[in-house]
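Undergrad: With the sequence up front, the predicted model follows.
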2 protein chains.
Amino acid sequence: MGAHADFRQVTKDGLDYALAVHGVADAALEARLMELYLTLDAYPDVTGCLEALRAAGLATAILSNGEPEMLRAAVTSAGLTSLFDAVLSVEEAGIFKPAPRTYQLAVDRLQVPVARICFVSTNAWDAAGAAYFGFRVAWLNRFAQRLEQLPGAPAAVIAGLDELPGLLSR
Amino acid sequence: MGAHADFRQVTKDGLDYALAVHGVADAALEARLMELYLTLDAYPDVTGCLEALRAAGLATAILSNGEPEMLRAAVTSAGLTSLFDAVLSVEEAGIFKPAPRTYQLAVDRLQVPVARICFVSTNAWDAAGAAYFGFRVAWLNRFAQRLEQLPGAPAAVIAGLDELPGLLSR
């Protein structure tokens, strides 16, 4: 509709709605659920993958729908701060992925041509959107899901991040 | 992502995906499900509401995400053809509601100022999007659902279309 609120707000709005529909009025529970987003764990294959990519001379970045403070907190909590060259939030574009403006943000901020960016996502819609935009996409399909019928085909499908450094060194 | 396919295509893509995920390979079933969209019934309060609005001198129109052929077939099947002044599909705009361009289509095609259009929808997201655009919106809440937390507030909430003519004659 052309309006925008940041990810923390829409997450809270969605949670408020779900709690109200189910008759749950518990402010402490809601606050705790919202805070869990700030202390997310990373999958065990994340650190090794990032280390290998950087050892190969590649720059690493996050491009997330999360708002900047959520991202900073989550990356810190997972102990990954030193492994990223950039942590980009779509808030700079004022619209969520898969809008093309959000993917353009990575091109502009990283100063890397679109076809030289390998974009990795577990979300099939994000993999499709990024591929349609022009990134080389590895869809991280951890749970053997079916490829969705969307424009934009991933260049590769991987089951774990341990597969990624080998793909990129070819 | 900036790509567009019409409603019949995305409906078929979604159905194909769902059938495949559930291991159902039945082309006749799929064809029958797709055809059901062409023979939808109308709720029993639709005809009386449209007749009352037109008797009051108001123009009536559909603005739907459906593609033109689906709309024509469904309106014909429900026996409502003579009760609409216009049947507008978002396909002219090449994007789905709640994108503002789709609501603008009604303003342009009906030649009625935005604030003089009463927009009715059962979909809370569509009611919100239309209200945010500037229409006077009646959210048709047939199942006593909770108002969603979205920008754009409906001017009225009705439980059935029998309530609509009275609201507009005030």
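TA: On my side now, so go ahead.
Undergrad: Tell me how many other residues crowd A:Ser169.
TA: 10 (other C-beta atoms under 10 Å in any protein chain shown). For every residue, glycine as well, the C-beta is placed using N, CA and C.
Undergrad: Can you verify A:Val24 is assigned to a helix?
TA: No. A:Val24 sits outside any helix when classified using DSSP: H, G, I helix; E, B strand; the rest coil, being coil.
Undergrad: and chain A, which residues reach chain B?
TA: By C-beta under 8 Å from any C-beta of the partner chain, the residues of chain A that approach chain B are A:1-3, A:5, A:13-14, A:16-17, A:20-21, A:98-100, A:128-129, A:132-133, A:146, A:148-152.
Undergrad: Tell me who's in contact with the residue lying closest to A:Gly160 once chain neighbours are set aside.
TA: Excluding its sequence neighbours, the residue lying closest to A:Gly160 (C-beta to C-beta, 6 or more residues apart in numbering or on different chains) is A:Asp45, at 5.2 Å. A:Asp45 makes contact with A:Gly160, A:Leu161, A:Asp162, according to C-beta atoms under 8 Å, 6 or more residues apart in numbering or on different chains.
Undergrad: Now stretch A:140-149: buried residues?
TA: Neighbour counts using 16 or more other C-beta atoms under 10 Å in any protein chain shown place A:Leu140, A:Asn141, A:Gln149 of stretch A:140-149 among the buried residues.
Undergrad: How much space separates the residue positioned nearest the centre of chain A from A:Val10?
TA: Nearest to the geometric centre of chain A sits A:Ser64, at 4.1 Å (C-alpha atoms, centre = their mean). To A:Val10, A:Ser64 is 14 Å away according to C-beta to C-beta, to the nearest Å.
Undergrad: Packing partners of the helix or strand hosting A:Ala18?
TA: If you go by DSSP states H and E, A:Ala18 is part of helix A:7-21. Counting contacts by 3 or more C-beta pairs under 8 Å, 6 or more residues apart in numbering or on different chains; DSSP states H and E, helix A:7-21 is packed against helix A:27-36, helix A:68-77.
Undergrad: Same list (those helices) but as a markdown table, adding mean pLDDT and mean neighbour count.
TA: A markdown table is the format used below for the helices and strands packed on helix A:7-21 (pLDDT from 0 to 100; neighbours: other C-beta atoms under 10 Å in any protein chain shown):
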| stretch | mean pLDDT | mean neighbour count |
| --- | --- | --- |
| helix A:27-36 | 96 | 11 |
| helix A:68-77 | 96 | 17 |
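Undergrad: Show me the strands in chain A, by range?
TA: A:61-64, A:86-89, A:118-121, A:136-140, A:156-158 (DSSP state E).
Undergrad: In TSV: those, plus mean pLDDT and distance to B:Arg72.
TA: Formatted as TSV, the strands of chain A follow (pLDDT from 0 to 100; distance: least, C-beta to C-beta, whole Å):
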stretch	mean pLDDT	distance to B:Arg72
strand A:61-64	98	42
strand A:86-89	98	44
strand A:118-121	98	39
strand A:136-140	98	38
strand A:156-158	98	40
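Undergrad: Out of these, which one sits most buried?
TA: Looking across those with neighbours counted as mean count of other C-beta atoms under 10 Å in any protein chain shown, the highest average goes to strand A:136-140: a mean of 22.
Undergrad: related to what we said a few turns ago, what residues sit buried inside the helix holding A:Ala18?
TA: Of the residues in helix A:7-21, A:Phe7, A:Arg8, A:Val10, A:Thr11, A:Lys12, A:Leu15, A:Leu19 count as buried by neighbour count, 16+ other C-beta under 10 Å.
Undergrad: count of neighbours near A:Asn65?
TA: The local packing of A:Asn65 (other C-beta under 10 Å) involves 20 other residues.
Undergrad: for it, phi and psi?
TA: A:Asn65 adopts backbone torsions of phi -70, psi -10, taken as degrees, to the nearest 10.
Undergrad: Output the below-cut-off pLDDT ranges for chain A.
TA: Confidence mapping of chain A against pLDDT under 70 gives the ranges A:170.
Undergrad: Would you mind measuring from the nearest residue to A:Ala5 once chain neighbours are set aside to B:Ala128?
TA: Residue nearest to A:Ala5 in three dimensions, not counting chain neighbours: A:Asp13, with 7.4 Å by C-beta to C-beta, 6+ apart. A:Asp13 sits at a distance of 12 Å from B:Ala128 (criterion: C-beta to C-beta).
Undergrad: so what sits against both of these two?
TA: Contact criterion C-beta under 8 Å, 6+ apart; residues shared by A:Asp13 and B:Ala128: B:Leu150.
Undergrad: which non-adjacent residue is nearest A:Ala73?
TA: A:Leu38 (3.9 Å).
Undergrad: List the contacts of the one you found.
TA: Counting by C-beta under 8 Å, 6+ apart, A:Leu38 makes contact with A:Met70, A:Ala73, A:Ala74, A:Ser77.
Undergrad: do A:Leu88 as well
TA: By C-beta under 8 Å, 6+ apart, the contact set of A:Leu88 is A:Ala61, A:Ile62, A:Leu63, A:Ser64, A:Leu105, A:Ala106, A:Arg109.
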